[in-house]
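Enquirer: quick check, what structure comes out for this input:
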Amino acid sequence: MAVTPRASPSLATAQSFEYRLQRTPVGVVLLDADLHIRSVNPVAMRLLAPPGQRLAGVDILSLHPGEARDKVAFLVERARTSQDGTSSLVVTTAMGTLVAKVSRLEAAPDAPPDGFLMMIHALVEAPMMGRTPGADLEVDGLAVAGAEATAALCPLMKLPLVRGKGDLISLIDVTEVAFLVAQGHYAEARTATFSAFCPRPLADLERRLDPGQFVRVHRRYLVNMRHVRAAAREDGGWHLVMADAGETRVPVSRGKVADIRRRLGV
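Expert: Model (predicted):
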């Protein structure tokens, strides 16, 4: 009889990206062809409805403010007409910023849509509807809806960036980011080819990124250790030479030097 090896406890305690990805809460909404809600899972219920409110039969567009409503309608229309029947979009709602993905459902090939499946991933902390501020926790100045929501914070798979003029938010894989640097209440992301504004605080990003890969080496810098090109000792302190376009030298706080040297084997 084949024996399946037991998973090492260290895999769970390490809180790796893969481990946390398995536990990322996802809201699921089943829509009919007219965009009325047929059913939702508990995560979507908490995201979309105040306590006690029924969602069955509600037009999904009515749950969003005007600008976001147009985006959701566009998202569904793309899924309705695209060849593969899928589409995705970042939508800002009253509950926070969400990544919505829609798939067209068909009863038979080339038949009219039988409905749509919407999956909602929280890009930032989304407070539960209907909670009072007193029931929420405040973490680094951000309102988070109680201990349950704190435990369910989603790890970031994509990093939201604003490039150029307008309010277009583009998404890049977090693995592409060399490091993040605090800029006031927000952050700037540096990659191998460009830099861009990230509309999230550095402390929030630190909580949401894989701690095995992203390390807070300084109060202003969050570094992707996979993009460290060299380590240098200068003026009595340590600096990391990053693999961004400008080969930035990032300072390492004294209290972090031992950990960084251990990670890099220097």
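
Enquirer: quick one: pLDDT of L55?
Expert: Predicted confidence (pLDDT) for L55: 86.

Enquirer: and it, which of the three is it?
Expert: Classification of L55 by DSSP: H, G, I helix; E, B strand; the rest coil places it in coil.

Enquirer: hang on, it packs against M45?
Expert: Yes: between L55 and M45 there is a contact under C-beta atoms under 8 Å: 6.6 Å. C-beta coordinates here come from the backbone N, C-alpha and C atoms, glycine included.

Enquirer: next one: phi and psi at G236?
Expert: phi 80, psi 0 (degrees, to the nearest 10).

Enquirer: ok, it to R254 distance?
Expert: Noted for G236: a distance of 10 Å to R254, by C-beta to C-beta, to the nearest Å.

Enquirer: neighbour count for these two, which is higher?
Expert: Comparing G236 with R254 by neighbour count (other C-beta atoms under 10 Å), the higher total belongs to R254, at 10 against 6.

Enquirer: leaving out chain neighbours, which residue sits closest to the more buried one?
Expert: Leaving out its chain neighbours, the residue that sits closest to R254 by C-beta to C-beta, 6 or more residues apart in numbering is G237, at 7.5 Å.

Enquirer: and that neighbour, what are its bridge partners?
Expert: Counting by DSSP bridges, G237 forms beta bridges with E234.

Enquirer: for it, grab the count of nearby residues.
Expert: Using other C-beta under 10 Å, G237 has 12 neighbouring residues.

Enquirer: equivalent analysis for the one 3 residues further on, please.
Expert: Using other C-beta under 10 Å as the criterion, L240 is surrounded by 24 other residues.

Enquirer: in a strand, it, correct?
Expert: Yes: checked against three-state DSSP, L240 lies within a strand.

Enquirer: do you know how far P25 is from R78?
Expert: 25 Å.

Enquirer: more neighbours: which of the two?
Expert: Neighbours per residue (other C-beta under 10 Å) separate P25 from R78, with P25 holding more: 19 against 16.

Enquirer: outline the domain layout of the protein.
Expert: Here the domain assignment for the chain is 16-151, 158-264, based on automatic domain parsing.

Enquirer: worst mean pLDDT among the ones you listed?
Expert: domain 16-151 - the lowest mean pLDDT of those, at a mean of 72.

Enquirer: what strand or helix carries A258?
Expert: Element membership for A258, per DSSP states H and E: helix 257-264.

Enquirer: tell me the helices and strands packed up against that helix.
Expert: Helix 257-264 sits against strand 214-218, strand 228-234, strand 237-242, with contacts defined as 3 or more C-beta pairs under 8 Å, 6 or more residues apart in numbering; DSSP states H and E.

Enquirer: and for V174, nearest residue in space, chain neighbours not counted?
Expert: L159 (5.3 Å).
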